[in-house]
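S.K.: Structure of the sequence below:
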Amino acid sequence: MTTPHDLRFAANLGWLFTEVPFEQRFERAAKAGFTAVEYPSPYEYAPETLRRWLDDAGLEQILVNSPGGYGLACQPDRRAEFRDGFRQALDYAGTLAAQLIHVPAGIRPPDVSRDQAFAHYVANIAWAADKAAGRSVTLTLEAINQRDAPGFLLESVEQAADVVRALRPLPVGLQFDVYHCQVSQGDLTTRLRALLPLIAHLQVADAPGRNEPGTGEIGWRYLFGLIRSLAYEGWIGCEYRPVGDTVEGLRWREELT
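M.R.: Here you go, the predicted model:
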């Protein structure tokens, strides 16, 4: 949805409106004022079915993840599985008109050194970005905090940003998740200011509970004002666990933005 201040919020249907079955969440999101959605895993459904649900609700698809949960890209023994999965993600993105594919880095296997896993990850992302070039799709790379995902390869937004810089002009960008950054690193203002030119997608949830903005420690009025002042033009994914009813919890959009 678009607020009066031109911040564009997309509902993450993997997290919001879980009071109803997945296929009903599209209409619920539209009724709640959203014009766009994202969700990590569309692969349980035929892409044509998802396309129909989007069209019936008048929604735009923003982002999907490549298959594999926390990701396969850093795991040397799963290269073929990663590539097959990314090809599937490209096909789904095409049918859904999604311009972003989040490619999670994955959990480093205990018998693989960090340097080996990182080199394998960068090679896989370069391969995937080359496949995405020319298809109006951008890959997004995200750091995930070690509390929620111990052993996740990308431990900081700076590490993810370094990969983005190394691979451009291939179509890659940073996925800046406010919750993960707050848990892992903090200093959100400095990092948003420094990394904005690389950011292709933002996601929001409060810390420490990963609930809706306004339920935790983050100063959201200031942060949303900062994002607005930086002239961020992308979408902001609402990837949080509502404390109670999803719609009741959406009051933060008017109160904090």
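
S.K.: most distant residue from the middle of the protein?
M.R.: Asp111 (28.4 Å; CA atoms, centre = their mean).

S.K.: and Ile107, what are its phi and psi?
M.R.: Backbone torsions for Ile107, taken as degrees, to the nearest 10, come to phi -90, psi 130.

S.K.: Any idea what it is bridged to?
M.R.: Per DSSP bridges, the residues bridged to Ile107 are Phe152.

S.K.: Show me where the stretch 1-150 of the chain has its strands.
M.R.: For the stretch 1-150 of the chain, the strands defined by DSSP state E, counting those that start in this stretch occupy 8-12, 36-38, 60-65, 100-102, 138-141.

S.K.: so who does the residue farthest from the centre of the chain touch?
M.R.: Shown in contact with Asp111 (CB atoms under 8 Å, 6 or more residues apart in numbering): no residues. From N, CA and C alone the C-beta is placed, and that goes for glycine too.

S.K.: With Cys74 as the reference, measure out to it.
M.R.: 13 Å (CB to CB, to the nearest Å).

S.K.: Likewise for Asn12?
M.R.: On the measure of CB to CB, Asn12 and Cys74 end up 24 Å apart.

S.K.: who's more crowded, those two?
M.R.: For Asn12 versus Cys74, neighbours defined as other CB atoms under 10 Å are more numerous around Cys74 (29 against 23).

S.K.: so the more buried one sits right up against Val122, yeah?
M.R.: No - contact criterion CB atoms under 8 Å: Cys74 and Val122 do not qualify, at 9.2 Å.

S.K.: what is in contact with those two at once?
M.R.: Contact with both Cys74 and Val122 is made by no residue, according to CB under 8 Å, 6+ apart.

S.K.: what are the phi and psi angles of Asp177?
M.R.: phi -100, psi 110.

S.K.: and what of Leu170?
M.R.: phi -60, psi 160.

S.K.: repeat for the one 5 residues further on
M.R.: Backbone torsions for Gln175, taken as degrees, to the nearest 10, come to phi -100, psi 110.

S.K.: give me the number of residues near it?
M.R.: Using other CB under 10 Å, the number of residues around Gln175 comes to 27.

S.K.: Please tell me I have it right and Ile125 contacts Glu142.
M.R.: No - between Ile125 and Glu142 there is no contact under CB under 8 Å: 11.9 Å.

S.K.: Of the strands of the stretch 1-150 of the chain, which is nearest Pro242?
M.R.: Distance to Pro242, taken as CB to CB, is lowest for strand 8-12 among the strands of the stretch 1-150 of the chain, at 11.0 Å.

S.K.: What helices and strands are in contact with the closest one?
M.R.: Taking 3 or more CB pairs under 8 Å, 6 or more residues apart in numbering; DSSP states H and E as contact, the helices and strands that strand 8-12 lies on are strand 36-38, strand 235-238.

S.K.: quick revisit: want to throw the strands of the stretch 1-150 of the chain into CSV with distance to Leu167 and mean pLDDT?
M.R.: Output for the strands of the stretch 1-150 of the chain, formatted as CSV (distance: least, CB to CB, whole Å; pLDDT from 0 to 100):
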stretch, distance to Leu167, mean pLDDT
strand 8-12, 25, 98
strand 36-38, 22, 98
strand 60-65, 19, 96
strand 100-102, 14, 98
strand 138-141, 9, 98
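
S.K.: mind listing the helices for the chain?
M.R.: 22-31, 47-57, 79-96, 114-132, 157-167, 178-184, 188-195, 220-229, 246-249, 252-256 (DSSP state H).
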